[in-house]
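**Student:** Pasting the sequence and the predicted model now:
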Amino acid sequence: MSLSKDRISAIARKEFFHIIYDFRTLFIIFLMPVVQLIIFGYALNLEIQRVDMAVVDLARSTQSRKLVGQFSGSKFFRPFFYQGRLDDLEDLFKSREAKVAMVIPFDFERKLQNETSVQVQFLVDASDANAAILIRNYCNQVIMDYNENRGVKLPLPFDLRSTILFNPELKSSHFFVPGVIAMILIMISALLTSITISREKETGTMEQILVSPVRPLEIISGKVIPYIVLAFLDAAVILLVGLVVFKVPFKGSLFLLTGLTVLYILTALSLGLLISTQARTQQVAMMMALLITLLPTVMLSGLVFPIASMPKLLQYLTYLIPARYFLLIVRGIMLKGSVFSQLLGPCFFLALLTLILLGVSVKRFNMNLER
Amino acid sequence: MPEISVKTENLVRNFGSFVAVNQVNIEVYQKEIFGFLGANGAGKTTMIRMLCGLLKPSSGKATVGGLDVYRQSEQIKRSIGYMSQKFSLYEDLTVEENINFYGGIYDLNQKRIQKKRDEIFFSLGMGDYARTLTYDLPLGFKQRLALGCALLHDPRILFLDEPTSGVDPKARRDFWEIIHQTVALGTTIFVTTHFMEEAEYCHRVFIMDAGKIIALDTPTKLKNRYKKKSMQEVFVTLVEKQQEKKTNPMPDSNDKMS
Amino acid sequence: MKVIEITDYCKRYDGVAAVEGVTLKVEYGELFGLIGPDGAGKTTLLRAICTLLTPDEGKILVMGKDVTQSIMDIRSLVGYMPQRFSLYQDLSVEQNLRFFADLFGVTEGKRERRLLQLFEFSRLAPFKKRKAGELSGGMKQKLSLSCALIHTPEILVLDEPTYGVDPISRQEFWEILRSIQKEKTTILVSTAYMDEADLCDRVALMHQGKITMVGTPEKIKASFHYHLYRLEGKDVRFLRDFFQKLPSVRSTQLFGDTVHVSFCKKPALSDWKNWQRDSRGNLKRWASQPPSMEDVFMESTEKER
């Protein structure tokens, strides 16, 4: 069975007309990533600064004041002294006056001099779990700094220090620009392709196409080509905004990123095709695509929440999310300057997913009007 | 002379420089089935909209059931019914639920709705279908239900838009039988259609072209006058004659209105 | 060779039969009408001929080729115009035509000539650049037909092409079909408008998935068993009620200011005189009325029951 180049280009050309005539959608396609970048880059900032900290200083000694001073010296905390009853500390969290409280015991000064360890109690508002973890880590860091200043050798067998690599300022925009690329690409490729095919079913034009001697692979290729181009342009726009506005570093090879982006787009397009073989109306296609692409990409790919901190079951599920692999690839290339040999794993999985999805959808693509 | 239900005098409606309805005079009697024919863009829809109180005329007079279309459009809307082939029944509701819904829209109280519902079930032979999803109804029964819903508030004038195109002939004849019964109870029926077989069921037909009346008479008399066997032939002959008169044929720009 | 040959075709959807054992032959070069109301199974049958549906039972041959085997061959031979307007509303008239020309692999030289021909009969040339969605009903229908004809098919299959189109455009459309037929194209057209049967060479009446009658319109009408009369009088409703009660009357139907009455036995003049007297002078005129396709259709479906 030979494919006709003329028929594929006829379909692709027609699809291009649809895209450029519908400039409202086109506008959204190019505006949406910019808006998302702004939301993720600015509003959804994961860095935590100037956390309100209630201090209950029962010791009221020189050392305890020094400890508090250490906290106010760090840019992460804004300590204030709490005078009320210990039992009512919780109310501070409820009224959001503090996110963390530190209780320094009566015998702080004495124990500090006589014993090897002293306990300071931290109470963290964990209603936002991610923030709570960060706050706890910051607290640890400040305590370590305090110990160091006092010249005390830690009782621990080793010195636990972490150095932050690749993103020294801990900028979340660096983290999110690659994420937004991953998300937008899957949106455009999967959502738009599935909609364009189901639209032909819904308006009846598919019936008219099917009575011509066109083959399934010709329809599919013709429909998909314009969206590859579109997705590509969009990726370029996001990258440009990321580099220029958010000053995201780009350490790796642009050539490699381009190549692997094509692979990812193909994965997403195959997913879109699969959806379109199931959905008979645009509305159903859209709901399915959103359900399958957008939400899992945001929630399960590691775009916002680290995969390692997910429940085991969800962790297994993430292996099915194409964006998971692409995120590793983009973040690797952009932030770490990874080379191809270091990205073989994610590439393999992406290619495998693509082959499976494409195979199933070509097979399921109906060449007649049977259901 | 029978009582007049709809009357227009030199009725005109312009859209910019385009004259959609041009000096139309009609008198429709009570208990009459009045057919309204015309090609696309002939001015049919504009005419109907004015008579339903949805569109103000540019000039001329028109009364519907004695109500003035300029000043009493709200009362007019309450005293007319409308049913089309594409009547907006909710396919995912049952027959009963559709009736209750439309009864609610016309602000009928529960007692009235119940009485009407029983009437529809009985007189339209739909009792067995009360709890059937509208989607599953045979087309002929969908049409009856649509008619039933359009008659819920006892309108004095009922507008039908291609009410029976596509249904099987038996269902169509049953439908017109019901229309005749409705007419006998005092309702005036206005039918617009492209479907000349429906025109044959009318007492009088009114043919419009380019905003003007080109014929108004009973189907029998029209057929006799032009020596044609069917209304289809009468219509085509009349409209073609009309179009030959025009040196410059009408552009197709106004068909959105029909 | 028959152009289309259908043998015992059955098609069910979720156990409900849409087409139930249809056998039909369409001859070369004829304009064949498939007449029946909505839901009769016309669309299912036409789609099956165009290889869009597979049979549950039976066989369909198009130019001797099986629709389940030679799908691509048949698709090149057949031009199909679906029931709904199925072109791209956001593309222009010309873009639509060129798209389908490319899909059917019409070569460049042939394409330009064909486009000119199609523009000529459809008179769409002045609207070339207009978006398909902005055309009037009649023009859409002609564009749709042009797209179905772009590859000069030998067989043209049209599913209710005149549905919802005004009578003038309908008339024009049938004239176009006649001119296409002259170019040795076999045409199979479905319609729910009974009066369009008269415009076909041969018709099949279809009802509830079955073919009830096949033949020329004249022959089919001649098969009407009853005697139909058109009656005029003062009070038609009274007249109708009066005749309905007579034992020799099969059915009555009100048509505006006349009543159609079909009798099982041809009434004699003396009968009419009696009725005139019995109806208290309400009966003014009576005349034999040739049966319409609708009358025949109803009779054929009643026999079925």
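**Tutor:** Cool, got the structure. Numbers count the residues shown, from 1 in each chain, chains lettered A, B, ... in the order given.

**Student:** Could you count how many residues lie near the closest residue to residue A:251 other than its chain neighbours?
**Tutor:** Nearest residue to residue A:251, sequence neighbours excluded (CB to CB, 6 or more residues apart in numbering or on different chains): residue A:337, at 3.3 Å. The C-beta positions use only the backbone N, C-alpha and C, and glycine is treated the same way. Applying other CB atoms under 10 Å in any protein chain shown, we find 14 other residues in the vicinity of residue A:337.

**Student:** And residue B:131, by the same measure?
**Tutor:** Neighbours around residue B:131, by other CB under 10 Å: 9.

**Student:** residues contacting it?
**Tutor:** Counting by CB atoms under 8 Å, 6 or more residues apart in numbering or on different chains, residue B:131 makes contact with B:94, B:95, B:96.

**Student:** For residue C:207, state which of those is nearest.
**Tutor:** Lowest distance from residue C:207 to these (CB to CB) belongs to residue B:95, with 24.6 Å.

**Student:** ok, the closest one to chain A distance?
**Tutor:** According to CB to the nearest CB, to the nearest Å, residue B:95 stands 26 Å off from chain A.

**Student:** Could I get the phi/psi values of that residue?
**Tutor:** Note on residue B:95: backbone dihedrals following degrees, to the nearest 10 are phi -60, psi -50.

**Student:** who's in contact with it?
**Tutor:** Neighbours of residue B:95 in contact, by CB under 8 Å, 6+ apart: B:126, B:129, B:130, B:131, B:132, B:134, B:137, B:145.

**Student:** Give the buried residues for the helix or strand hosting residue C:299.
**Tutor:** Residue C:299 belongs to helix C:293-304 when assigned by DSSP states H and E. Neighbour-count burial for helix C:293-304 flags C:293, C:294, C:295, C:296, C:297, C:298, C:299, C:300, C:301 (criterion: 16 or more other CB atoms under 10 Å in any protein chain shown).

**Student:** and chain B, which of those reach it?
**Tutor:** Near chain B, taking CB under 8 Å from any CB of the partner chain as the test, the members of those found are C:294, C:295, C:297, C:298, C:301.

**Student:** thought the first one was touching residue B:196?
**Tutor:** No: contact criterion CB atoms under 8 Å: residue C:294 and residue B:196 do not qualify, at 11.8 Å.

**Student:** Identify the contacts common to those two.
**Tutor:** Going by CB under 8 Å, 6+ apart, residues that sit against residue C:294 and also against residue B:196 are residue C:195.

**Student:** residues from chain C in reach of chain A?
**Tutor:** C:47, C:50-54, C:71-72, C:75-76, C:78, C:80, C:82-91, C:95, C:99-100, C:102-105, C:147, C:151.

**Student:** Now a PyMOL select for only the buried ones of those residues.
**Tutor:** To isolate the buried ones among the residues of chain C next to chain A in PyMOL, judged by 16+ other CB under 10 Å, type:
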select buried, chain C and resi 47+50+51+52+53+71+75+76+78+80+82+83+85+86+87+88+90+91+95+99+100+102+103+104+105+147+151
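
**Student:** Within reach of chain B, which of the residues of chain C next to chain A are there?
**Tutor:** Near chain B, judged by CB under 8 Å from any CB, there are no entries from the residues of chain C next to chain A.

**Student:** residues contacting the residue in the stretch 1-150 of chain A that chain B sits nearest to?
**Tutor:** Closest residue of the stretch 1-150 of chain A to chain B, CB to the nearest CB: residue A:21 (19.6 Å). Each residue near residue A:21 by CB under 8 Å, 6+ apart is listed here: C:90, C:91.

**Student:** what's it sitting at in phi/psi?
**Tutor:** Dihedral angles of residue A:21 (phi, psi; degrees, to the nearest 10) stand at phi -70, psi -20.

**Student:** Just say helix, strand or coil for residue A:252.
**Tutor:** coil (DSSP: H, G, I helix; E, B strand; the rest coil).

**Student:** repeat for residue B:63
**Tutor:** strand.

**Student:** Report the beta-bridge partners for it.
**Tutor:** Here residue B:63 sits in beta bridges with residue B:7, residue B:68, as judged by DSSP bridges.
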